[in-house]
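**Student:** What follows is a predicted structure for the sequence shown.
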Amino acid sequence: MRVYMLELNSQTLRKNLAAYLELHAVNELEFLLIQHPLVKAIISLQGAQLLSWQAQGKEVLWLSDIEPFVQGKAIRGGIPLSYPWFNKNGTPSHGYARINPWQLESYQMDEQQVELSLVLNYAQELKARVVFTFSEKLKLEFYQLAQEQAQVALHSYYRLGSLAQAQVLNLPPQALDHLQDKQISVDSPLQITQAFDAEFKLTPFTQEQIIVDPSLQRKLKIKHDRASEVVVWNPGQATPQDMRASEHQHMLCLETARLSELLKQGESFAVEIESSHFA
Ligand SMILES: O=P(O)(O)OC[C@H]1O[C@H](O)[C@H](O)[C@@H](O)[C@@H]1O
């Protein structure tokens, strides 16, 4: 299966794990490939990072086409898990979870859905679990297992045909702008024309946004379940090194997060993503 520069084929295959589930390796990293009649998806074991999910045969996520896939370097794209801190609140940026290996704990597949569970063991402690449930939609649920409280972000990179034409519906009217470090008012629907990095508080904790992407004739419905914030990020033309300059036009991060309300031991929160097409 080919997603931008990541091509998994018979040469990259390391092991058949089950019907519809294979383990592959590319450069320094290992990947789970799911090819089920309902679902095609790729998860990197480093970071338990979903890199590709096809809904009705169409890719939902954005992944950098110059990603080298090396150990200890965060993969640019898909759904990185920022844990146990967000952004520059610690070192490394966005926590250690996205640059360390996770283990496949269990999987279950039937005609209706595919479910995979991965866990992070770090510094001799079981820290967190993530459960991916793929059906006609995707649910990603994150569980805090460690004792300490943590910040977490499900840092989704959504693929867009054209950012210039896209709109985000149903965001709260106020946000903390990370670029100017102040509260700002935000238009609804939101259209992004330059670098944007802002944190919106969600009250109540469960809310839904829609990304309308006329260029791909697609709507992405994104439901944040028990999240306290949503972060919206696009680097504009000042793209990071591992991302081509023009690529900011083809992605938008809309991150389901627990930043102010730390995730406690035994708690979980989730994002549900649904893709639909219009004529
Ligand atoms: O470059 P990274 O460490 O992956 O961070 C990428 C981005 O993540 C979040 O969206 C933050 O709000 C941004 O400030 C940050 O630039």
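**Tutor:** Structure received.

**Student:** near the ligand, which residues of the stretch 1-150 of the chain show up?
**Tutor:** 74, 87, 93-94 (C-beta under 6 Å from any ligand atom). Placement of C-beta: from N, CA and C, glycine included.

**Student:** give me phi/psi at L160?
**Tutor:** phi -120, psi 150 (degrees, to the nearest 10).

**Student:** give me the number of residues near it?
**Tutor:** Close neighbours of L160, defined as other C-beta atoms under 10 Å, add up to 24.

**Student:** Can you verify my assumption that it contacts I211?
**Tutor:** Yes - between L160 and I211 there is a contact at 7.5 Å, judged by C-beta atoms under 8 Å.

**Student:** overlap in contacts of those two?
**Tutor:** 166, 252 (C-beta atoms under 8 Å, 6 or more residues apart in numbering).

**Student:** For the ligand, what is the nearest residue in the stretch 101-250 of the chain?
**Tutor:** W233 (3.2 Å; C-beta to the nearest ligand atom).

**Student:** Across the sheet, point out what pairs with that residue.
**Tutor:** Here W233 sits in beta bridges with D197, C253, going by DSSP bridges.

**Student:** Quick check, pLDDT for it.
**Tutor:** On the pLDDT scale, W233 is placed at 98.

**Student:** cool, the one 3 residues further on as well?
**Tutor:** Predicted confidence (pLDDT) for G236: 97.

**Student:** Number of residues surrounding it?
**Tutor:** 16.

**Student:** I figured it hits L179, correct?
**Tutor:** No - G236 is not in contact with L179 according to C-beta under 8 Å; the separation is 9.7 Å.

**Student:** Give me the common contacts of these two.
**Tutor:** Residues touching both G236 and L179 (C-beta under 8 Å, 6+ apart) are 195-196.

**Student:** Please point out which parts of stretch 29-49 sit buried.
**Tutor:** For stretch 29-49, the neighbour count (16 or more other C-beta atoms under 10 Å) marks 29-34, 36, 38-49 as buried.

**Student:** now do stretch 60-77
**Tutor:** 60-64, 67, 69, 73-77.

**Student:** swap in stretch 140-152?
**Tutor:** By 16+ other C-beta under 10 Å, the buried positions in stretch 140-152 come out as 140-146, 150-152.

**Student:** Please apply the same query to stretch 202-215.
**Tutor:** 202, 207, 209-213.

**Student:** I184: helix or strand, and which one exactly?
**Tutor:** In the assignment (DSSP states H and E), I184 maps to strand 182-185.

**Student:** wait, I meant L179
**Tutor:** Short version, using DSSP H and E: L179 is in no helix or strand.

**Student:** Name the nearest residue to it, sequence neighbours excluded.
**Tutor:** Closest residue in space to L179, ignoring its immediate chain neighbours: D197 at 5.2 Å, by C-beta to C-beta, 6 or more residues apart in numbering.
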